[in-house]
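*Asks:* need a structure here:
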Amino acid sequence: MKEKTCCFTGHRDIPKKLYPKIKKRLKHEIKRLISQGVLYFGCGGAQGFDTLCAQMVLKLKRKYPDIKLILVLPFPGQADLWQADDVRRYESIKRWADKVVMVCEQYQPGCYHKRNRHLVDNSGHCICYLTRASGGTACTVAYAQRQGCSVTNLAGQ
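*Replies:* Numbering: from 1, shown residues only. Here you go, the predicted structure:
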């Protein structure tokens, strides 16, 4: 199953001017993986890159109805402190996702780390947007590489 699954990880803060370029690369990479038999796309539901990825998978489902969006969330209140527009976007993505996995019943230290590990542990592929050598995205990408995932960094293309 791992060979048919791709996870996403990336920064929450993407410069708006880069969105069109990243979206184009993301669409290309997802379509490439679909052509190789990948059907499941796991996303952490965070703002920024996660949201972009979830929206792209949902858009591509129109052309590729067999693909599935799986949201792997750290805890139920992840979006409680977000701005209203971001919450509406998040709730829409949750509504249209094929599956929602909650890794913790409530916030606890390490719940984001646990979510990231879950995403990688169930994937054979990882598409990321990584521009910094430290932080959660860097740790997740390093873990994915150690686990043998093929990793594609959209920031490096």
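*Asks:* how about the strands in this structure?
*Replies:* Counting by DSSP state E, the chain has strands at residues 5-10, 40-43, 68-73, 99-102, 125-129, 150-153.
*Asks:* quick one, helices of the protein?
*Replies:* Remark: helices assigned in the chain by DSSP state H are 19-35, 49-60, 84-96, 111-121, 136-146.
*Asks:* Can you say which of these is packed in most?
*Replies:* Per residue and on average, the most neighbours among the helices of the chain fall to helix 49-60, with a mean of 22 (mean count of other C-beta atoms under 10 Å). Glycine gets a C-beta too; all of them are placed from N, C-alpha and C.
*Asks:* Work out the gap between it and the centre of the chain.
*Replies:* 8 Å (C-alpha atoms, centre = their mean, to the nearest Å).
*Asks:* So which elements touch it?
*Replies:* Other helices and strands packing on helix 49-60, by 3 or more C-beta pairs under 8 Å, 6 or more residues apart in numbering; DSSP states H and E, are strand 5-10, helix 19-35, strand 40-43, strand 68-73, helix 84-96, strand 125-129.
*Asks:* returning to what we had before: and of the helices of the chain, who's closest to residue 7?
*Replies:* Residue 7 lies closest, by C-beta to C-beta, to one member of the helices of the chain: helix 111-121, at 3.9 Å.
*Asks:* pLDDT value on the nearest residue to residue 2 once chain neighbours are set aside, please?
*Replies:* Leaving out its chain neighbours, the residue that sits closest to residue 2 by C-beta to C-beta, 6 or more residues apart in numbering is residue 124, at 4.1 Å. Predicted confidence (pLDDT) for residue 124: 98.
*Asks:* ok, now residue 1?
*Replies:* At residue 1, the pLDDT value in this model is 86.
*Asks:* where in the protein is pLDDT low?
*Replies:* 157 (pLDDT under 70).
*Asks:* Look up which residues are beta-bridged to residue 152.
*Replies:* Assessed by DSSP bridges, residue 152 has beta-bridge partners residue 127.
*Asks:* ok, how many other residues are close to it?
*Replies:* Residues near residue 152, counting by other C-beta atoms under 10 Å, number 19.
*Asks:* cool, residue 135 as well?
*Replies:* Other residues close to residue 135 by other C-beta under 10 Å number 12.
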